[in-house]
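K.L.:
3D model of this:
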Amino acid sequence: MPLRRRWRSRRAGRDAAAEAAAGGRARGPGNWAAASYWLLYVVALAAVPLHWRSGNHALAVLCGVAVLFSVRMITRPAGRGAP
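P.N.:
Numbers count the residues shown, from 1 in each chain. Below you'll find the predicted structure:
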């Protein structure tokens, strides 16, 4: 338990920007966005063969497009100035 308290007290005075500048992970909406794109990727990737086998080819293609979109959003560079 003492290690946990020391870890918390060491980081307690930092805000997200200072933590990111120090090499830590910044907390905020960006992390949730990346997690949601990963969830979209996993669910849509699993849905593609399921819809294809059931004969719903249009929905399989739509899920495939969602997979490509989520891969693009996951691999994009971080920051607002990046394309």
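K.L.:
Averaged pLDDT, stretch 62-71. What do you get?
P.N.:
With pLDDT averaged residue by residue, stretch 62-71 scores 93.
K.L.:
can you list contacts of it?
P.N.:
37-38, 40-41, 44-45, 47-48, 51 (Cβ atoms under 8 Å, 6 or more residues apart in numbering). The way it works is simple: take the backbone N, C-alpha and C, and place the C-beta from them, glycine included.
K.L.:
at 7 Å what do you get?
P.N.:
With contacts defined as Cβ atoms under 7 Å, 6 or more residues apart in numbering, stretch 62-71 is touched by 37, 40-41, 44-45, 47-48, 51.
K.L.:
correct me, but Val48 touches Ala58?
P.N.:
No - look at Val48 against Ala58 with Cβ atoms under 7 Å: they stay out of range, at 12.0 Å.
K.L.:
who's more crowded, those two?
P.N.:
Val48 (18 against 8; other Cβ atoms under 10 Å).
K.L.:
give the contact list for the more buried one.
P.N.:
Applying Cβ under 7 Å, 6+ apart to Val48 gives the contacts 60, 63-64, 67.
K.L.:
on that earlier part again, check the contacts of stretch 62-71 against Ile74 and report the nearest one.
P.N.:
Closest approach to Ile74 among the contacts of stretch 62-71 (Cβ to Cβ): Tyr37, at 5.0 Å.
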